[in-house]
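**Q** Dropping a prediction and its sequence here:
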Amino acid sequence: FFQAEDGIRAVERSRGLGDVYKRQPNVQSPTIHQTLDFDGIVMMDSGAYQILAYGDVSISPLQSLELQSLVQTDIGVILDVPTPPSDSFAEAKNKVEQTIERIELSLDHVKTHDKTLWTLPIQGGKNVSLIDDYIQKVKEKNYLNYFGFYALGSVVPIMASYDYTTLFSMIHHARSNLPYHIPLHIFGAGHPMIFPFIVALGGDTFDSAAYILFAKDNRYMTSTGTLILDNIQEFPCDCEVCSKYTPQELRESPHNERIRALAAHNLHTSSTEIKLIREAIRNGNLWELLEQRALSHPNLYQAFHVLTDLSKKGFFDIGTPITKSGGLKIYNHLSFDRPEFKIIRERILKNHQKKSEILYIYLLSGEKTPIELFNLNPDLKDKLIEHLPSADVSLFLPFFGVFPFELHETYPFSQFVFSNVIDSIILEKAIELTTNYIIETGYSKIIILPAERKEKLNSIRDKLQDKLQMLDKVELNVYTSKEKSEED
């Protein structure tokens with residue numbers, strides 16, 4: 001949803017956002033669609049943002065609802081009480097209670113005006129425990145059933161301060177406590193740089209006037225950040241605006257023309273990012289887009305741990321396909337906790353059937369997939385197969401850990417491209433998971449061998465050996481590349 005007051009239009013826009021508070025003087029006006037000359041879906045803000053921005057509004061919750069119904073908005077919102085990050089816990093709790101009271105006050109109108117899809121605002125702000133408590137109380141009062149849309153509020157000041165860790169946590173707490181079949185809207189989430197994260201965390205829609213507000217400040221949006229028009233020598237974009245003007249020409253253009261042009265570019269950038277996200281979802285590589293965007297800003301990189309922690313807890317399990325049309329792109333330790341790997345590791349442990357007390361672990365560098373490696377060295381594959389009647393065989397990949405040799409042709413163990421960046425974080429995670437695997441499966445004898453003559457495998461071998469030597473009742477045999485060659 002893109003706010004429509006400023007007259008900026010894009011042909012491809014199918015939704016608009018109007019503001020109830022700003023339309024009070026025009027209560028007798030035609031429908032909101034006629035006023036905006038727009039036949040798409042219109043969602044109206046209740047006026048709560050004015051409370052967030054200015055502290056109060058001269059409109060009651062019932063007046064807000066009546067106005068929204070009068071102008072026949074498609075999606076309406078209850079006038080809640082925002083909980084900005086400047087609030088103390090006690091202040092935010094009090095405002096949450098006021099919002100619950102306003103829901104009760106609004107129910108009669110909501111029930112009798114069912115042509116509008118009514119939105120339940122979610123409050124609590126940075127105090128995510130208040131978000132949990134708020135939703136729980138709403139559930140206990142059976143209010144959820146009257147709303148076909150949910151919306152998380154009070155996020156604009158948090159985004160403005162680049163506190164993405166708090167923002168992501170808020171979205172997660174809201175989404176995980178609400179029914180998944182009802183869309184979750186994020187109020188004021190306006191920069192394309194964070195769109196992929198909002199979607200990954202379960203945000204279905206979002207709105208913003210950022211495209212026009214940024215334009216008024218000569219700020220030029222990109223998918224990875226914001227540029228100042230005065231500092232741009234060449235536009236990194238081929239949209240209609242960027243193809244028509246040079247940066248210098250746009251700087252010298254009349255004030256209103258410049259604002260409209262920048263706003264149109266910012267809308268184009270936002271729209272392009274949304275299409276990119278949809279395509280990433282279709283192709284099953286949204287996580288890779290998240291990794292790329294996490295490097296756009298230090299605060300985004302820092303906040304990415306919210307998603308990796310949620311991945312380890314299974315938040316992304318539902319809806320994550322473990323087979324895809326293309327191979328996985330593995331960059332660094334950010335890739336280690338991607339949802340597909342978490343799901344596959346759990347399935348391996350759940351379905352594991354130990355055939356022997358002996359486990360061979362062959363170390364791979366990841367420079368080549370197992371299929372590529374065995375095709376180049378069929379004798380190596382034959383050697384591994386020879387072990388199988390009397391022992392189990394696993395392969396070790398630095399970005400995954402261990403997995404049974406029998407799975408080496410299945411997705412994604414031979415369908416990946418790895419950057420070969422084995423940093424201390426990714427190696428520590430892989431060794432920790434390998435150790436846990438051995439503990440869970442209960443092998444009494446471990447034999448570690450390199451599958452390739454790679455110097456980096458010596459470091460992996462030594463670190464894995466140091467870790468496994470700490471295990472009780474496990475016999476450990478470790479071979480170097482030279483010893484392996486002599487054995488072969």
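**A** Thanks, I have the structure now.
**Q** From residue 84, how far off is residue 173?
**A** 17 Å (Cβ to Cβ, to the nearest Å). All C-beta spots, glycine's among them, are computed from the backbone N, C-alpha and C.
**Q** Check residue 168 too.
**A** From residue 168 to residue 84 the distance is 18 Å (Cβ to Cβ).
**Q** The two: which is more packed in?
**A** A direct count of neighbours by other Cβ atoms under 10 Å for residue 168 and residue 84 places residue 168 higher, at 23 against 20.
**Q** I'd say that one and residue 306 touch.
**A** Yes: with contact defined as Cβ atoms under 8 Å, residue 168 and residue 306 form a contacting pair (4.2 Å).
**Q** How far away from the center of its chain is the helix or strand hosting residue 226?
**A** Residue 226 is part of strand 225-228, with elements assigned from DSSP states H and E. The chain centroid and the centroid of strand 225-228 are separated by 22 Å, computed with Cα atoms, centre = their mean, to the nearest Å.
**Q** could you point out which element follows the helix or strand bottoming out on mean pLDDT in the chain?
**A** Here the helix or strand of the chain ranked lowest by mean pLDDT, DSSP states H and E is strand 15-19, holding a mean of 45. Moving toward the C-terminus from strand 15-19, the next helix or strand (DSSP H and E) is helix 32-36.
**Q** Can you spell out which helices and strands pack onto that next one?
**A** Applying 3 or more Cβ pairs under 8 Å, 6 or more residues apart in numbering; DSSP states H and E, one finds that helix 32-36 contacts strand 15-19, strand 41-45.
**Q** Restrict that helix to CA atoms and write it as PDB.
**A** Output of helix 32-36 as PDB, limited to C-alpha atoms (Å, rounded to 0.1, in the frame of the first residue of the first chain):
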ATOM      1  CA  ILE A  32     -12.600   7.500  -1.100                       C
ATOM      2  CA  HIS A  33     -12.300   5.900  -4.500                       C
ATOM      3  CA  GLN A  34     -14.000   8.800  -6.200                       C
ATOM      4  CA  THR A  35     -11.900  11.300  -4.200                       C
ATOM      5  CA  LEU A  36      -8.700   9.600  -5.200                       C
END
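**Q** just the strands in the stretch 351-488 of the chain please.
**A** Listed in chain order, the strands of the stretch 351-488 of the chain (DSSP state E, counting those that start in this stretch) span 358-363, 392-397, 401-404, 416-418, 445-450, 475-478.
**Q** quick one: low-confidence ranges for the stretch 351-488 of the chain?
**A** 480-488 (pLDDT under 70).
**Q** one more time with 80, if that's ok
**A** The stretch 351-488 of the chain contains residues with pLDDT under 80 at 473, 480-488.
**Q** returning to that earlier point: just the residues contacting the strand holding residue 226, thanks.
**A** 191, 193, 214, 218, 219, 220, 296, 297 (Cβ atoms under 8 Å, 6 or more residues apart in numbering).
**Q** Could you pull up the contacting residues of the fourth one?
**A** To tie it back to what came earlier, the one meant is residue 218. Here residue 218 is in contact with 228, 229, 230, 258, 262 (Cβ under 8 Å, 6+ apart).
**Q** With the fifth one instead?
**A** Neighbour list for residue 219: 226, 227, 228, 229, 262 [criterion: Cβ under 8 Å, 6+ apart].
**Q** Could you do residue 117 as well?
**A** 74, 75, 76, 148, 149.
**Q** Show the pLDDT at the nearest residue to residue 316 once chain neighbours are set aside.
**A** Excluding its sequence neighbours, the residue lying closest to residue 316 (Cβ to Cβ, 6 or more residues apart in numbering) is residue 339, at 3.9 Å. Confidence at residue 339, expressed as pLDDT, is 94.
**Q** Distance of residue 339 relative to residue 183?
**A** For residue 339, the distance to residue 183 - Cβ to Cβ - is 22 Å.
**Q** Who has more neighbours out of the two?
**A** Regarding residue 339 and residue 183, a neighbour count based on other Cβ under 10 Å identifies residue 339 as having more, with 24 against 17.
**Q** how about the more buried one, phi and psi?
**A** Residue 339 adopts backbone torsions of phi -60, psi -40, taken as degrees, to the nearest 10.
**Q** Residue 423 too?
**A** phi -90, psi 170.
**Q** I figured it hits residue 333, correct?
**A** Yes: Residue 423 is in contact with residue 333 according to Cβ under 8 Å; the separation is 6.1 Å.
**Q** mind checking which helix or strand the nearest residue to residue 241 once chain neighbours are set aside is in?
**A** Spatial nearest neighbour of residue 241, chain neighbours left out: residue 265 (4.3 Å); criterion: Cβ to Cβ, 6+ apart. Element membership for residue 265 (DSSP H and E) is helix 255-283.
**Q** Same question for residue 62.
**A** Following DSSP H and E, one finds residue 62 within helix 61-70.
**Q** Put together TSV for the contacts of residue 117, with secondary structure and pLDDT on each row.
**A** Output for the contacts of residue 117, formatted as TSV (DSSP: H, G, I helix; E, B strand; the rest coil; pLDDT from 0 to 100):
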residue	secondary structure	pLDDT
74	coil	94
75	strand	94
76	strand	94
148	coil	95
149	strand	95
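**Q** Highest neighbour count among those?
**A** With neighbours taken as other Cβ under 10 Å, the top of those is residue 76, carrying 28 neighbours.
**Q** Next up, the contacts around that one.
**A** By Cβ under 8 Å, 6+ apart, the contact set of residue 76 is 43, 44, 46, 65, 68, 69, 113, 116, 117, 118, 119.
**Q** The last one against residue 152, yeah?
**A** Yep, that's residue 119 we're talking about. No: taking contacts as Cβ under 8 Å, residue 119 lies outside contact range of residue 152: 10.6 Å.
**Q** Compare these two and say which is more crowded by neighbours.
**A** residue 152 (27 against 24).
**Q** Quick check: pLDDT value at the closest residue to residue 304 other than its chain neighbours.
**A** Sequence neighbours aside, residue 294 is the residue nearest to residue 304 in space, at 4.2 Å (criterion: Cβ to Cβ, 6+ apart). Here the pLDDT value assigned to residue 294 is 96.
**Q** count of neighbours near residue 294?
**A** Residue 294 has 22 neighbours, counted by other Cβ under 10 Å.
**Q** how much space between it and residue 400?
**A** Computed as Cβ to Cβ, the residue 294 to residue 400 distance reads 20 Å.
**Q** List the contacts of residue 60.
**A** By Cβ under 8 Å, 6+ apart, the neighbours of residue 60 are residue 79.
**Q** Repeat the analysis, applying 6 Å as the threshold.
**A** Residues counted as contacts of residue 60 (Cβ atoms under 6 Å, 6 or more residues apart in numbering): none.
**Q** How far does stretch 384-394 sit from its chain's centre?
**A** On the basis of Cα atoms, centre = their mean, stretch 384-394 is displaced by 41 Å from the centre of the chain it belongs to.
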